[in-house]
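> Provide a 3D model corresponding to the input given below.
(one chain, ligands or ions: 2)
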Amino acid sequence: MNVYDSEQMALILGQDYELTERAEDADLYLINTCSIRRKSEEKVLSLLGRLKTLKQERPQMLLGVGGCVAQQEGARLLHKVPHLDLVFGTQGVYRLPELLRRRRETNRRLVDTAFSPELPNICGQSLPGALQKFVTIMQGCDNYCTYCVVPYVRGPERSRPVADIVREVEVFLGQGGREVTLLGQNVNSYGRGLAGEITFPALLGRLAELPGLARLRFTTSHPRDLSEELIRGFAELPPLCEHIHLPVQSGANQILARMHRGYRREDYLERVSRLREACPGIALSTDLIVGFPGETESDFQDTLRLMQEAAFDGAFFFKYSPRPQTAAAAFPDQVPESVKTERLARLKEVQEQLSLASNQRLLGEVREVLVEGFSKLENTQLSGRLRSNHVVNFDGPQELIGQMVRVRIKRAYLHSLGALLCED
Ligand code: 5AD
Ligand code: SF4
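Numbers count the residues shown, from 1 in each chain. Ligands and ions are numbered 1, 2, ... in the order given. Reported below is the predicted structural model:
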């Protein structure tokens, strides 16, 4: 979501500015922020601290903070950071040109955290030469999971009209784009509140028919709302890739209830079986939180068992972090930091075995890769992803970047696969 918002900033300001890699050259320095956990918030303040010298050296450079931390903190950020010019919230992104103009003309430091119930005027263009693209289909969330700050900083759910989404994807495909990831906090509720009946699986069906779309993905899907129709989509819609990110958060029913997730572990596991039945080989990734208030050792063991039962191909895990305004921040039975740290380490160990096993299951297989660029580690090698989202590196000529090729998987590591390019 944040990558998308940063891209929107670059596109919206494209008339007046171009991107630079070097901070020392910048006329405008924008920091896009996330407040999902406290750590990300702390990083913003330390980056702003480091930028003080740069701002002193280049007083004409405008410095702004946008996104969720800006939404949450507003004017407090201007007070804390005297060298900051501008604070703009999650919807302020769309008013940036006007805000920057006002800042230059009036010489007053500005805050814009205004919130409207309307969907903003999303910029449907793409950065030149992009192969892959995020496309927002909805913004905000009405779920109020008790740990989560999103409904407060991103506001209520709003869906984008189908015609706008289809047009954005068509234009992108016309420019040579191959892969689209649909974005929303809770994609399953797409269409609620829109005139005319349209569901999320129906939207996928519409997009899957567009010529030139090689790969279609989406994130994030709420397990409670994962419908049979959507599950069938994985079997029936050719561009829809065999991977789903389905955040479970915990494997203990007591904790799931206190999180207000609206499903039990049995429901989650049942949906996983249905997905695997409908689409054998589908890759499954998840998010997990350790140390949610009241989580006992036995609850935590339920989570470890669920991980084995679901056999996740990948997982992101987080220590519970109390967030402003959320219900769980006020729960009395907070878990000590040392317990969170110890549980996180145990969880990581279990997931490492599962991730390695997931990679090993692919040994010897021939798979299609969208070549994205050079490998991060070994930058003479090409790198890309399988439809299942596994990362694969292999030797091949640079001209293949941007193409779809076939490889045979030869090696399985913890976070990637090694492969040989198929000759045919
Ligand atoms: N503490 C820790 N992790 C959190 N997440 C959301 N809110 C919190 C929090 N307060 C995690 C969830 C979510 C992911 C994006 O971030 O696992 O799925
Ligand atoms: Fe946060 Fe996701 Fe729950 Fe919405 S559904 S409140 S975004 S965790």
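
> make it CA atoms for all contacts and neighbour counts henceforth
Will do.

> Quick one: name the residues of the stretch 301-424 of the chain near ligand 1.
318, 319, 320, 321, 322, 323 (Cα under 6 Å from any ligand atom).

> One more pass at 8 Å, please.
For the stretch 301-424 of the chain, the residues in contact with ligand 1 (Cα under 8 Å from any ligand atom) are 316, 317, 318, 319, 320, 321, 322, 323.

> Residue 147 is in contact with the last one, correct?
Yes. In terms of Cα atoms under 8 Å, residue 323 counts as a neighbour of residue 147; the distance is 6.9 Å.

> So between the two, which is more surrounded?
residue 147 (24 against 19; other Cα atoms under 10 Å).

> Break down this protein into its helices, ranges please.
Ranges of helices in the chain, per DSSP state H, are 2-12, 38-50, 52-57, 68-73, 75-80, 96-106, 150-154, 162-174, 200-208, 228-236, 253-259, 265-278, 297-310, 337-360.

> Name the residues of this protein found near ligand 2, please.
140-151, 185-186, 220, 222, 261.

> how does it look with 5 Å?
Residues of the chain that fall close to ligand 2, judged by Cα under 5 Å from any ligand atom: 141, 143, 144, 145, 148, 185.

> one step back: want to try TSV for the residues of the stretch 301-424 of the chain next to ligand 1, with pLDDT as columns?
TSV is the format used below for those (pLDDT from 0 to 100):
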residue	pLDDT
316	97
317	97
318	97
319	97
320	98
321	96
322	97
323	96
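
> If any of those residues are buried, put those into a PyMOL selection.
To isolate the buried members of those in PyMOL, using 16 or more other Cα atoms under 10 Å:
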select buried, resi 317+318+319+320+321+322+323
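
> Just the closest of the residues of the stretch 301-424 of the chain next to ligand 1 to residue 40, please.
Nearest to residue 40 among these is residue 321, at 10.7 Å by Cα to Cα.

> ok, now how distant is the nearest residue to the closest one once chain neighbours are set aside from ligand 1?
Nearest residue to residue 321, sequence neighbours excluded (Cα to Cα, 6 or more residues apart in numbering): residue 37, at 5.5 Å. Separation of residue 37 from ligand 1 (Cα to the nearest ligand atom, to the nearest Å): 5 Å.

> what do you get for residue 75?
23 Å.

> ok, now which ones touch that residue?
Contacts were defined as Cα atoms under 8 Å, 6 or more residues apart in numbering; by that measure residue 75 touches 87, 111.

> Could you double-check that the residue nearest to residue 321 lies in contact with residue 326?
No. Using Cα under 8 Å, residue 37 makes no contact with residue 326, being 11.9 Å away.

> now residue 360, nearest residue through space, not along the chain?
Closest residue in space to residue 360, ignoring its immediate chain neighbours: residue 412 at 5.3 Å, by Cα to Cα, 6+ apart.

> That neighbour pairs with what?
Beta bridges link residue 412 to residue 417, judged by DSSP bridges.

> sorry, back to before: buried subset of the residues of the chain next to ligand 2?
Buried, going by 16+ other Cα under 10 Å: 141, 143, 144, 145, 148, 185, out of these.

> Hmm, the first one is touching residue 153, no?
No. Here residue 141 does not reach residue 153: they are 9.7 Å apart, not a contact under Cα under 8 Å.

> quick one on the thing from earlier: quick one: which of the buried ones among the residues of the chain next to ligand 2 is nearest to ligand 1?
Distance to ligand 1, by Cα to the nearest ligand atom, is smallest for residue 148 among these, at 4.2 Å.

> circling back: most tightly packed of the helices of the chain?
Most buried of those, by mean neighbour count (mean count of other Cα atoms under 10 Å): helix 68-73, with a mean of 24.

> Distance from that one to the middle of the chain?
Centroid displacement of helix 68-73 relative to its chain, using Cα atoms, centre = their mean, to the nearest Å, is 18 Å.

> Run through who's touching that helix.
Under Cα under 8 Å, 6+ apart, the answer for helix 68-73 is 33, 34, 35, 41, 77, 87, 88, 89, 90, 113, 153, 154.

> Is ligand 1 within reach of that helix?
No. On the criterion Cα under 5 Å from any ligand atom, helix 68-73 is out of touch with ligand 1, staying 12.6 Å away.

> and if you look at stretch 259-266?
No. Judged by Cα under 5 Å from any ligand atom, stretch 259-266 and ligand 1 are separated, with a smallest distance of 10.3 Å.

> how long is that stretch from one end to the other?
Start to finish, the residues bounding stretch 259-266 are 16 Å apart (Cα to Cα, to the nearest Å).

> Just the residues contacting it, thanks.
144-147, 223-224, 251-253, 256-257, 306, 328.

> Give me the subset of the residues of the stretch 301-424 of the chain next to ligand 1 lying in strands.
Cross-referencing these against strands under DSSP state E gives 316, 317, 318, 319.

> What residue, apart from its backbone neighbours, is nearest the second one spatially?
Just to be clear, that refers to residue 317. Nearest residue to residue 317 in three dimensions, chain neighbours excluded: residue 288, at 4.7 Å (Cα to Cα, 6+ apart).

> Quick one: the buried ones among the residues of the chain next to ligand 2 as TSV, columns for pLDDT too.
Formatted as TSV, these follow (pLDDT from 0 to 100):
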residue	pLDDT
141	94
143	95
144	97
145	98
148	97
185	93
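
> Show me the subset of those that also lies near ligand 1.
Within those, those near ligand 1 by Cα under 5 Å from any ligand atom are residue 148.

> what bridges to residue 404?
Here residue 404, judged by DSSP bridges, has bridge partners residue 370.
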